[in-house]
Every structure is written in structure tokens, then in C-alpha cells.
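Visitor: sharing a model that was predicted from the sequence below.
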Amino acid sequence: MAKCWFCKTTKGKRYCSPLENLLCPVCCAENRLKKIDCNDDCRYLEGVAFQKKREEEKEFSSLMGNIPHGQHDDIFHDIGVALVAGEIEIFVRKKYVSGNINLTDQTVYEAYKQMYQLHFNNQIPDERHSDNFFQELEKLYFDNKKKWERNANHEKIGQLFLRLMISIKSMSGGRFGEFGYLNYLKNNFGNINTDGQYIVEDKFGNKIIRTVKS
């Protein structure tokens, strides 16, 4: 029997349709709704935890609904916001390409959500100690917070994390499944030079060069 997709050590006994892979019961329990965008009808979901998750998602859907992200009013048109977003997404791309951490779009989505809570409410999630990706994203945030706030103010950095969550919502699924956003980063953020410049293509096919200020 195949090994569990997450831990790579225990036999996978539960088929996870969002990941299209097998999971062991322990990894299923630890990662459901956190790193896996579980189907509503999954028989392994716990009712109370699922309902709590749905209520939290409604709250964030409302917050994201107030973030400009259309063709003409996107907050990414603000160069300061775009620069910080680029640095964050380059970091995520490197983690995904390295393969040292098993990432899915949902993993990154939850990390962005937690970073929003940390940035605005100083809420640090209890589970961060077992989440290597969030730990590293948290370190990136604290190492660069002052620099980021020279490019964008405190309010806009919080909005940025919501805007990145919108990107994941729009890109995840389809033929790439749980890796649509991550594959977008992999395919579009590969051309970066020593001056901190990189080429990115937006959803309209326009290619631009961004530069991250130090």
C-alpha cells in the first residue's frame, strides 16, 4: 500500500479527493481543514470543527469582499503593495519548489489568514509550533516588517494578505487541483535577478518587471 502523502512513513489508508492521494488517519486528523480544502461531505470531518471553520471562513469572505481586486482598482496597482507581495510570493515559490515542506494552496491560504490575524490582532495560532511553513513565513514577516512598512503602511500590509487569499481562491482548483496558485508562482516567478527584479504575468497576460526595495 502507498505511503501517506504528508508523513511519507505510515501507510495511507484514507483516500483524500482534494489531494488525490492517500493519507494515514493521523495526518488526516491533523491537517483536515487546515492544510486541506476538505469536501463538505467528507465522512472524516468532525461536525463541531467543521462548523467553526465555516463561520471563520464567512468572516474572512466578508473581509476579502472589501478589498479592491478588479482590473482597474486592484490594490496591486499600488507599487508599494506590489513590492511586498512580490517578496512574499517569491518566498512561497522557493518553499514549494524546494519540496522540503509539503505545500498545498490551502496550506498557504491558511498561513496568509493567520498572518492577517497576527498583523492586525497580534493573534498567534496555537498550532504554529507544528506548522513549519507558518513558522518560516512568520519569521519572514518579523525580519522584514520595518522594510515592508517603508513600501506600504500598516493598513495596506494587512489588506495585502487578504488580497493574496483572493488570488488563491481564484486560482486553486481546476486541472491543477490543490496546486493551482502554487503552480502559478512556480511558472511566473522563476525569472529573478540579483537586483531583486522579477518578471510576473497577470491574469490578463500582461508581463511586467517588479523590483523589491531593500
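Guide: Received, thanks.

Visitor: please make it C-alpha for all contacts and neighbour counts, starting now.
Guide: OK.

Visitor: how about residues contacting stretch 153-161?
Guide: 67, 75, 81, 84-85, 112-113, 115-116, 119-120, 148-149 (C-alpha atoms under 8 Å, 6 or more residues apart in numbering).

Visitor: mean confidence score for it?
Guide: Across stretch 153-161, the average pLDDT comes to 93.

Visitor: do stretch 134-146 as well
Guide: 93.

Visitor: can you start the count at 24 instead of 1 from here on
Guide: Got it, first residue is 24 now, which makes that one stretch 157-169.

Visitor: which parts of that stretch are buried?
Guide: F157, L160, E161, Y164 (16 or more other C-alpha atoms under 10 Å).

Visitor: that older thread, and which of the contacts of stretch 176-184 is nearest to G200?
Guide: G200 lies nearest to Y135 out of these, by C-alpha to C-alpha, at 19.1 Å.

Visitor: and stretch 176-185, what's buried?
Guide: Quick answer for stretch 176-185 (16+ other C-alpha under 10 Å): H177, K179, I180, G181, Q182, L183, F184, L185.

Visitor: which ones among these lie within helices?
Guide: Those of the buried residues of stretch 176-185 mapping onto helices are H177, K179, I180, G181, Q182, L183, F184, L185, per DSSP state H.

Visitor: that older thread, in CSV: the buried residues of stretch 157-169, plus distance to K36 and secondary structure.
Guide: Formatted as CSV, the buried residues of stretch 157-169 follow (distance: C-alpha to C-alpha, whole Å; DSSP: H, G, I helix; E, B strand; the rest coil):
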residue, distance to K36, secondary structure
F157, 27, helix
L160, 31, helix
E161, 33, helix
Y164, 37, helix
